[in-house]
Each structure stands twice: as structure tokens, then as C-alpha cells.
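[1] Sequence first, then the predicted structure, then my questions.
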Amino acid sequence: MSEHTRRSRAVEDYLKAIYKLQQEHGQVPTTLLAAELSRSPASVTNMVKGLAAQDLVVTLEARWLATRTHRELVRT
């Protein structure tokens, strides 16, 4: 598996988890996402910063929310 494929799979996993948790809890704190993905909070924070840089998620009071782009990606 190439590095690009692994990275794409990780992005997809994060976006799906954020979408699921957002449906269940509204706002998604980093700690909740970390528990869902079995990752450390620091690792999740780094990944989510990358997702935010790509405009796939937005933050509000240190909680991660899905953007419209994210919802479209998850549904496809």
C-alpha cells in the first residue's frame, strides 16, 4: 500500500468517525474522537489540524465539527 493510499484511508477514517460522533453528540471533542479511533489525543490533534488546513473540518471552542465538504465526502 502506498503512502498516499494510507494517508487517504486515514483521512477517510477520521472524517467518517467525526461524522458519526457529530450525529450522536453534536460537537466532537478531540478526546472523544481519539477514543473512537483508538489513537492518542495528540495524534488526533495533529491529524485534525491537517484536516482543518484542507478545509474538511472547522473548530469551535476546541471541538471539531464537520463541514459541508466533509458531509459530501462521507456520503459518497
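    Nice, I can see it. Quick caveat, the model's predicted, so the values are computed rather than measured. Numbers count the residues shown, from 1 in each chain.
[2] From now on I want contacts and neighbour counts done on CA atoms only, so please keep to that.
    Noted.
[3] next one: the helix or strand containing residue 31 to chain centre, how far?
    Per DSSP states H and E, residue 31 falls inside helix 30-37. Put simply, helix 30-37 sits 9 Å off its chain's centre (Cα atoms, centre = their mean, to the nearest Å).
[4] Name the residues of the helix or strand just after it that come out as buried.
    The C-terminal neighbour of helix 30-37 among helices and strands, as given by DSSP H and E, is helix 41-53. Going by neighbour count (16 or more other Cα atoms under 10 Å), the buried part of helix 41-53 is 41, 44, 45, 48, 49, 51, 52.
[5] cool, and stretch 11-18?
    Buried-residue list, stretch 11-18, by 16+ other Cα under 10 Å: 11, 14, 15, 16, 17, 18.
[6] Can you verify my assumption that the fifth one contacts residue 32?
    No: taking contact to mean Cα atoms under 8 Å, the distance of 9.9 Å between residue 17 and residue 32 leaves them out of contact.
[7] From the buried residues of stretch 11-18, which land in helices?
    11, 14, 15, 16, 17, 18 (DSSP state H).
[8] Now those residues in CSV, please, with extra columns for pLDDT and distance to residue 26.
    Below are those laid out as CSV (pLDDT from 0 to 100; distance: Cα to Cα, whole Å):
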residue, pLDDT, distance to residue 26
11, 92, 20
14, 94, 16
15, 92, 14
16, 92, 14
17, 94, 13
18, 91, 10
